[in-house]
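Novice: no sequence on this one, just coordinates:
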């Protein structure tokens, strides 16, 4: 069941990260989910390094770090995906 939660959280974080970033990100939903999962992992690692991974009550700092990680990964991964797909060359020709 943990893999299902990872997918759900990844989807939510990825969609939120795409909403925070300006402009339109031309990436598919499956990649948005993968980037969100990566952001959650990155946020959990940073929260562990800062010592705020497990607190009493809701772990707001950890959740904010997860979202920040997703924003970072989406912002870095979108141009990489466009370069791999060749979208950059198609836009320059148009």
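Specialist: Now that the structure is in, tell me what you want to look at. Computed from a predicted model, the values in this text were never measured in an experiment.

Novice: Let me see the contact set for residue 27.
Specialist: Applying CB atoms under 8 Å, 6 or more residues apart in numbering to residue 27 gives the contacts 18, 35, 74, 77-78, 81. C-beta here means a position set from N, CA and C on the backbone, and glycine is covered the same way.

Novice: Any figure for the gap between it and residue 34?
Specialist: Taking CB to CB, to the nearest Å as the measure, residue 27 falls 9 Å from residue 34.

Novice: ok, now residue 41?
Specialist: For residue 41, the distance to residue 34 - CB to CB - is 11 Å.

Novice: what's the farthest-apart pair in the contacts of residue 27?
Specialist: Within the contacts of residue 27, 18 and 81 form the most distant pair, 12.5 Å apart (CB to CB).

Novice: Neighbour count: these two, which is higher?
Specialist: Of the pair residue 18 and residue 81, residue 18 is the one with more neighbours under other CB atoms under 10 Å, namely 21 against 16.

Novice: Packing partners of the host helix or strand of the more buried one?
Specialist: Residue 18 is part of helix 2-20 when elements are defined by DSSP states H and E. Counting contacts by 3 or more CB pairs under 8 Å, 6 or more residues apart in numbering; DSSP states H and E, helix 2-20 packs against helix 29-50, helix 60-85.

Novice: What is the least confident helix or strand in the chain?
Specialist: helix 87-93 (a mean of 55; mean pLDDT, DSSP states H and E).

Novice: need the contact list for the closest residue to residue 16 other than its chain neighbours.
Specialist: The shortest distance from residue 16 to any residue other than its chain neighbours is 6.0 Å, reached at residue 67 (CB to CB, 6 or more residues apart in numbering). Residue 67 sits next to 13, 16-17, 20, 39, 43 when contact means CB under 8 Å, 6+ apart.
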